[in-house]
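K.L.:
next one to model:
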Amino acid sequence: MNVEVTPLPGIGVRKDFTTRAGRRIGVVTHRDGELELIVSKADDPDTSLAELPLTVEEAGTLANLLGAPQLVAQLAEEHSDVPGIRTGRLTITAGSAFDGRPLGDTALRTRTGVSVVAVMRAGQVYPSPAPDFTLTAGDLLISVGTSVGLDGAVKILKHG
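P.N.:
Numbering: from 1, shown residues only. As a prediction, the model looks like this:
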C-alpha cells in the first residue's frame, strides 16, 4: 500500500493511506509528540469523519492488534504441513510475574516446548528474541508449539 506523508506546518506530520473503499486512514504525529488517528468520510476523502487522540501506549496496542493477526497467520501457514504444531499469541499483562524480566526467566521452551519466535511491542516486531530480551506489560509473544505446550505457556505467564 502507498503511504502518503504530508508535512503539516506548525502541527506535525500526517501519514495516511487510501482503503479499497476510498476512505483515508492515518495518523497525525504532532510536534509535541501527541498522536491522533484520523479517518476520512467515505464520500469525501479530504474531510475527516473522526479524529481520535491516542497515547503512545494506546497507539502501540492498536498496532499490535492490527499487526499480530497477520504475523500469526503467516507463521501458521508456514507450519501448516507440520502436524500438531500451532502458532499462538501470548500476552504479558500488567502485574505479570514476568513484566520487566528477561524472556529467559520464563523458561517456556524448557517447561513447555514452546518457542517464542517474535515479540510485538508498540507496533514494532522483535524477531527471534534472545533470552535476555526484557519483557514489558503489553508485549505480545508470537509463539510456536503444541496445543498443550501453548496452554501451559499461558498458565506460566499468568501465574509464574
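K.L.:
going forward, measure contacts and count neighbours with C-alpha atoms only.
P.N.:
Noted.
K.L.:
hey, which helix or strand in this structure has the poorest pLDDT?
P.N.:
helix 56-78 (a mean of 67; mean pLDDT, DSSP states H and E).
K.L.:
who does the helix or strand just after it pair up with?
P.N.:
Beyond helix 56-78 on the C-terminal side, the first helix or strand identified by DSSP states H and E is strand 86-91. The strands beside strand 86-91 in its sheet (DSSP bridges) come out as strand 140-145 (antiparallel).
K.L.:
show residues contacting the partner strand.
P.N.:
With Cα atoms under 8 Å, 6 or more residues apart in numbering as the test, strand 140-145 has contacts from 64, 68, 72, 85-92, 113-121, 150.
K.L.:
cutoff 7 Å now
P.N.:
Here strand 140-145 makes contact (Cα atoms under 7 Å, 6 or more residues apart in numbering) with 72, 85-92, 113-121.
K.L.:
which helices and strands does the very next helix or strand once past it pack with?
P.N.:
Per DSSP H and E, the first helix or strand lying C-terminal to strand 140-145 is helix 147-159. Packing contacts for helix 147-159, counted by 3 or more Cα pairs under 7 Å, 6 or more residues apart in numbering; DSSP states H and E, involve strand 86-91, helix 108-112.
K.L.:
right, so those: which one is the most enclosed?
P.N.:
strand 86-91 (a mean of 22; mean count of other Cα atoms under 10 Å).
K.L.:
pLDDT on that one, on average?
P.N.:
Across strand 86-91, the average pLDDT comes to 86.
K.L.:
check stretch 127-145 too.
P.N.:
pLDDT averaged over stretch 127-145 gives 91.
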